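Novice: sharing a model prediction with you, sequence too.
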Amino acid sequence: MAADKNVILKIKRQNGPDSKSYWEEFEIRWRKGLNITSCLMDIAANPVTRAGKPTKPLTYDSNCLEEVCGSCAMLINGKAKMACSALVDQLEQPIRLEPLSKFPVVRDLAVDREVLFENLKRVKAWVPIDGTYDLGPGPRVSMEEQERAYPLSRCISCCCCMEVCPQFNEHTGFVGAAAISQVRLFNTHPTGKALKRERLTALMGDGGIHECGYAQNCVEVCPKDIPLTRSIAEVGGEVMKQALADLFRK
């Protein structure tokens, strides 16, 4: 793209959770290395539509600007992407920006992702440690175990995997690939294993792992290349073993 070209963006806006959505078009000056977050910053600094009409300041989520915090996920030309790593030169214009469709809109491109964090609480996605007294040094973890766990720890809670999952919707209550992968991560931790049974039990009920249709959309869209389908397969096997053990225990 030549330096004298401008960038045209069509942005889906919404004034509040109960307001109707509408589209506005913006035009900004192109520059080398421009990403979507930079475009949004330009628009927020000068909220004037392409037609020259002043408008309300644009609302969007952004923090780290380097694909670590996960907050800037949105639909870019209809696909779930991170705004900070989506380069303008690699996108077809006009660039269409929309909020994630599976989450309640707060305003404009900002959505409420509380459901993910509720799901993480549901599966007890943490290492249980009593911090009321000195426990001494933690358990040793071999290099091989660390290498297996590290890819799972890269999750940034962007919710892209949930956005593209056909099973994650208001009718199923499916917990999604991110929560399942975190179950695998914490169940492999020497101390985290203390809650392994409770985590697997949480995945047996409504919205549990059995509702995964294995569409594999999640692993395709994950910006951190987390092996989500492998996690789903391994945790699914553990859930089945736990279910059978509980059956015979009765």
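Specialist: Everything's here; your move.
Novice: my guess is P151 meets P227, correct?
Specialist: Yes - contact between P151 and P227 holds when scored by Cβ atoms under 8 Å: they sit 6.0 Å apart. C-beta coordinates here come from the backbone N, C-alpha and C atoms, glycine included.
Novice: in this structure, which spans are strands?
Specialist: For the chain, the strands defined by DSSP state E cover 6-14, 21-29, 73-76, 79-82, 95-98, 105-107, 110-111.
Novice: please identify which of these is closest to C161.
Specialist: Each of the strands of the chain has some distance to C161 by Cβ to Cβ; the shortest is strand 79-82, at 8.4 Å.
Novice: quick one: the closest one to chain centroid distance?
Specialist: 10 Å (Cα atoms, centre = their mean, to the nearest Å).
Novice: show me what counts as buried in that strand.
Specialist: Neighbour counts over strand 79-82 (16 or more other Cβ atoms under 10 Å) mark A80, K81, M82 as buried.
Novice: for the last one, give me the pLDDT.
Specialist: Among the per-residue scores, M82 shows a pLDDT of 98.
Novice: what sits against it?
Specialist: Going by Cβ atoms under 8 Å, 6 or more residues apart in numbering, M82 touches E67, G70, C72, A73, C158, C160, P223.
Novice: same question for stretch 112-122, mean pLDDT?
Specialist: 97.
Novice: quick one: buried residues of it?
Specialist: Those would be R113, V115, L116, N119, L120, R122, for stretch 112-122 by 16+ other Cβ under 10 Å.
Novice: got the contact list for the residue nearest to the fifth one when sequence neighbours are not counted?
Specialist: Nearest residue to L120 in three dimensions, chain neighbours excluded: A179, at 5.6 Å (Cβ to Cβ, 6 or more residues apart in numbering). Contacts of A179 were listed using Cβ under 8 Å, 6+ apart, and they are L116, N119, L120, R122, V123, A125.
Novice: pLDDT on the longest helix along the chain, on average?
Specialist: What stands out as the longest helix in the chain, according to DSSP state H, is helix 228-249. Helix 228-249 shows a mean pLDDT of 94.
Novice: in helices, which of the contacts of A179 fall?
Specialist: Using DSSP H, those in helices are L116, N119, L120, R122.
Novice: give me the distance between the first one and L100.
Specialist: If you measure L116 against L100 using Cβ to Cβ, to the nearest Å, the figure is 11 Å.
Novice: can you check the third one too?
Specialist: According to Cβ to Cβ, L120 and L100 sit 17 Å apart.
Novice: just give me how far stretch 163-174 sits from the chain centre.
Specialist: The answer for stretch 163-174 is 13 Å, by Cα atoms, centre = their mean.
Novice: now that stretch: buried residues?
Specialist: Quick answer for stretch 163-174 (16+ other Cβ under 10 Å): E163, V164, C165, Q167, F168, T172, G173, F174.
Novice: what's the farthest-apart pair in these?
Specialist: V164 and G173 (17.4 Å).
Novice: enumerate every residue touching L109.
Specialist: Counting by Cβ under 8 Å, 6+ apart, L109 touches I11, K12, L40, L58, T59, Y60, D61, M74, L97, E98, P99.
Novice: show me the shaky parts of this protein.
Specialist: Along the chain, segments meeting pLDDT under 70 span 1-4, 250.
Novice: mind redoing it with 90?
Specialist: The chain contains residues with pLDDT under 90 at 1-5, 129-139, 170-172, 205, 246-250.
Novice: sketch out the helices for it, chain order is fine.
Specialist: Using DSSP H, helices in the chain cover 36-45, 114-122, 143-153, 160-164, 177-187, 196-202, 217-221, 228-249.
Novice: so what's the residue count around R184?
Specialist: Residues near R184, counting by other Cβ atoms under 10 Å, number 21.
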